[in-house]
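1. Sequence first, predicted coordinates after that:
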Protein chains: 2
Amino acid sequence: MIKDVLEKEYFQVVKGGITYPKGIKAAGVKCGIRFNKKDLTLIYSEKVADAWGTFTTNKFKAAPLIVTKKNLSESKGKLQAILINSGIANACTGEKGLKDAWETVNYVSEGLKIDKKYVAVTSTGKIGEFLPLKKIKTGLKEAISKLSTSGGTEAAEAILTTDTKKKEIAVNFKLSEKEVKIGGMAKGSGMIHPNMATMLGFITSDISIKGELLQEALKQVVEKTFNMISVDGDTSTNDMVLFITNGLAGNKIVDKKDADYYKFLEALQYVAKYLARCIAKDGEGATKMIEVEVQNAVSFGEAKKVAKAVINSPLVKTAIFGKDPNWGRILAAVGYSGAEVMPDKVDLYLKEKIVEDGQPLKFSKRAIHKYLKLSDEIKILVDLKMGKESAIAWGCDLTYDYVKINIKYN
Amino acid sequence: MIKDVLEKEYFQVVKGGITYPKGIKAAGVKCGIRFNKKDLTLIYSEKVADAWGTFTTNKFKAAPLIVTKKNLSESKGKLQAILINSGIANACTGEKGLKDAWETVNYVSEGLKIDKKYVAVTSTGKIGEFLPLKKIKTGLKEAISKLSTSGGTEAAEAILTTDTKKKEIAVNFKLSEKEVKIGGMAKGSGMIHPNMATMLGFITSDISIKGELLQEALKQVVEKTFNMISVDGDTSTNDMVLFITNGLAGNKIVDKKDADYYKFLEALQYVAKYLARCIAKDGEGATKMIEVEVQNAVSFGEAKKVAKAVINSPLVKTAIFGKDPNWGRILAAVGYSGAEVMPDKVDLYLKEKIVEDGQPLKFSKRAIHKYLKLSDEIKILVDLKMGKESAIAWGCDLTYDYVKINIKYN
């Protein structure tokens, strides 16, 4: 990753997270939903920010998502505060759940003295349980009093559930002689695919950019990053990615697809990709991250189908855990992916080329076994040799610990 | 199951397998591909039989499937012999693999003195390796010499790979005062979904039935049985179901959809369902079979989507292994299945009704936990309350042993 960054001279990765951009404050506190752990995060922008969100495609949408979508539509894509609680998802909670979510919006609006429509709320945790409103109200007061430009890390901690590590990043770059900043944090885990362990991503910035361009950039970036660690439709009731920018960097507004736009796009992509990879790496019970790159497909969609089939194959995932260069399982997943492939053309690389034109080459099992043993990040490359498009998906291995974490009777 | 059978007075389940119908002989021998295990099966019908086959949708089709499809087309749906080897799949073996498969057809044709086009061949086991032709030639000679009407059980043993049990069944019923017989055997395992551990099914009969009716019956039955233990497209390189009937029962030919047809259809469905359930039960590392029934969908296709999503969810599978009545994971799978569902209408039963109209009911976790602990077959019922169609899918839990079996470095 570091090499990657050094090559891109124009932007810098620095220590920090969502409070890195100008005018963004945050706090993470313990409100008492989770036992002795931070469980309530508040993000606040001094100035009303342009906002964009993407939400789970699961038919069972959690109450806070419905509320946040409504507010984003009401405010025509503006937000000033985001409240996130962990421990309880407020999903499958019916009318009462919806009412509760609106109630938390009221708390934030009153506490910060901002318009209700500028408030987003989101929840992650157990489903089928109601929010403890009193605890949230009390916790929120504390969070408001603690809002600070150095609160990013505590905020990133308070959104976690089964995650083992906080996930945050900050970058900066220059546009029209002004320093523009982007910060981000995420939570994930449960990574066979993120169907129940909710994936949340929050990205903040101070860039000044035209709304339509922002939307286009975010859509494109999310599609190639956060969406590549989850199967289409295989989403939790609470998945959500939110982006806000308050324009305080003071750059000349980005209003067309010029060099400035592409600088922003690339930095944003870097941030989102970093967070997505962190989520894959921190999959439940994972010992290794797996990256599947599919090259030379006829379209991005076809490349994605193949990459997703391989990254989600339990047999590929267990083989990687077992340090087994089992190319047959990878080819089988390519074959059942639903994508058009020509079996007699497919090449496969695992450290080196091990399959050519659909048939195994002679290779040293021992050498590949060693690679699988010693590397924390395993790269599988599938070359379809049919077109020019490619896609990359991220996931992790399937281990005893995954089973252990998920069988817990509760 | 037994109760099920007793209610259907018109057909009887008896001890036996593929050699139960008149004029069907078989043998299972050790030819030396697998270490000290039977690995070569030959099935032979005294009379050229009407045949029907269905094959994997995987783009990487193994050589024997290509050869068998070709022969079935050449012979216009007739077969007299089926050769099956376990241990090596002859998949991803290119031109040589194809030539080898044809060579085994020649061996059978010469050994039994039958037309080449009446020979089917199939393989299951490791992919990317070539067939040991000499061993097969020698083993085949032994198999031919041992062909017998009591060879069904040895035949059922010789097709297994990671399976822990042989899977066979025989039934009989009367049509126009004649006894009609059906026999079957299968192999499976690897049941997160059968993508690499090949699923093979062989059903034999002596019924006399018109070709088109036979095809229609088989298509319908396979769709609701064998295809309900595998995700669409999630198939191995070698999956295959073959059916043959030689007409020796002497019944008045079934040539329209009368009572006789439906008797055959139901008995056939029973045989296929029994074999499919055996495969699910014998999933790698499985401690429990899971049956997911989806009721009141708008179409069979929609019901199937939901049933498949639930049966394939690693989180549902681990929850069942952990005896955890985790209704949230089941609802989440329903929600991301891609089917049209109305979240506020969905009911869910796990022993008893535990979710109504998309929200949890008060239920005794302890009682359901006990059910999950004591039962070998777990039934999940999802009522969509939208239409009148239903579907049933079978699978198994996800356990430490699944991981153990599949990480083996080889």
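-> Received it, and whenever you're ready, just let me know what you need. Numbering: from 1, shown residues only, chains lettered A, B, ... in the order given.

2. Only C-alpha atoms from now on, for both contacts and neighbour counts.
-> Will do.

3. Other residues contacting stretch A:106-122?
-> A:48, A:64-65, A:67-68, A:71-72, A:74-75, A:78-85, A:101, A:104-105, A:137, A:140-141, A:144, A:238 (Cα atoms under 8 Å, 6 or more residues apart in numbering or on different chains).

4. just checking, which of these belong to strands?
-> Counted as lying in strands by DSSP state E, out of those, are A:Val48, A:Lys78, A:Leu79, A:Gln80, A:Ala81, A:Ile82, A:Leu83, A:Ile84, A:Asn85.

5. from what I can see the second one touches A:Val48, true?
-> Yes - assessed by Cα atoms under 8 Å, A:Lys78 is found in contact with A:Val48 at 6.5 Å.

6. quick one: which of these two has more around it?
-> Neighbour totals were compared for A:Lys78 and A:Val48, and A:Lys78 leads with 22 against 18 (other Cα atoms under 10 Å in any protein chain shown).

7. Pull the contacting residues for that one.
-> Here A:Lys78 is in contact with A:Val48, A:Ala49, A:Asp50, A:Ala51, A:Trp52, A:Leu72, A:Tyr118 (Cα under 8 Å, 6+ apart).

8. Let me know the pLDDT of it.
-> Per-residue confidence (pLDDT) for A:Lys78: 98.

9. before we move on, the earlier item: out of the contacts of A:Lys78, which are buried?
-> Buried members of the contacts of A:Lys78, scored by 16 or more other Cα atoms under 10 Å in any protein chain shown, are A:Val48, A:Ala49, A:Asp50, A:Ala51, A:Trp52, A:Leu72, A:Tyr118.

10. could you list every residue that touches the residue nearest to the fifth one when sequence neighbours are not counted?
-> The shortest distance from A:Trp52 to any residue other than its chain neighbours is 5.3 Å, reached at A:Phe243 (Cα to Cα, 6 or more residues apart in numbering or on different chains). By Cα under 8 Å, 6+ apart, the contact set of A:Phe243 is A:Ala51, A:Trp52, A:Gly53, A:Phe202, A:Ile203, A:Thr204, A:Ser205.

11. Relative to chain B, how far out is A:Phe243?
-> As judged by Cα to the nearest Cα, to the nearest Å, A:Phe243 and chain B stand 24 Å apart.

12. Looks to me like that residue is in a strand.
-> Yes - according to DSSP: H, G, I helix; E, B strand; the rest coil, A:Phe243 belongs to a strand.

13. What segments of the stretch 201-350 of chain A are strands?
-> Taking DSSP state E, counting those that start in this stretch to define them, one finds strands in the stretch 201-350 of chain A at A:240-245, A:289-297, A:347-350.

14. want to throw the contacts of A:Lys78 into TSV with pLDDT?
-> Below are the contacts of A:Lys78 laid out as TSV (pLDDT from 0 to 100):
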residue	pLDDT
A:Val48	98
A:Ala49	98
A:Asp50	98
A:Ala51	97
A:Trp52	96
A:Leu72	97
A:Tyr118	98
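
15. can you tell me which of the residues you listed lies nearest to A:Gly301?
-> A:Trp52 (23.7 Å; Cα to Cα).

16. I'd assumed A:Ser73 was in contact with the closest one.
-> No - at 10.0 Å, A:Trp52 and A:Ser73 do not qualify as touching, with contact defined as Cα under 8 Å.

17. what sits in contact with each of the two?
-> By Cα under 8 Å, 6+ apart, no residue touches both A:Trp52 and A:Ser73.

18. By mean pLDDT, point me to the weakest helix or strand of chain A.
-> Using mean pLDDT, DSSP states H and E, helix A:2-7 stands out as the lowest-scoring helix or strand of chain A, at a mean of 41.

19. Many thanks, I have nothing further to ask.
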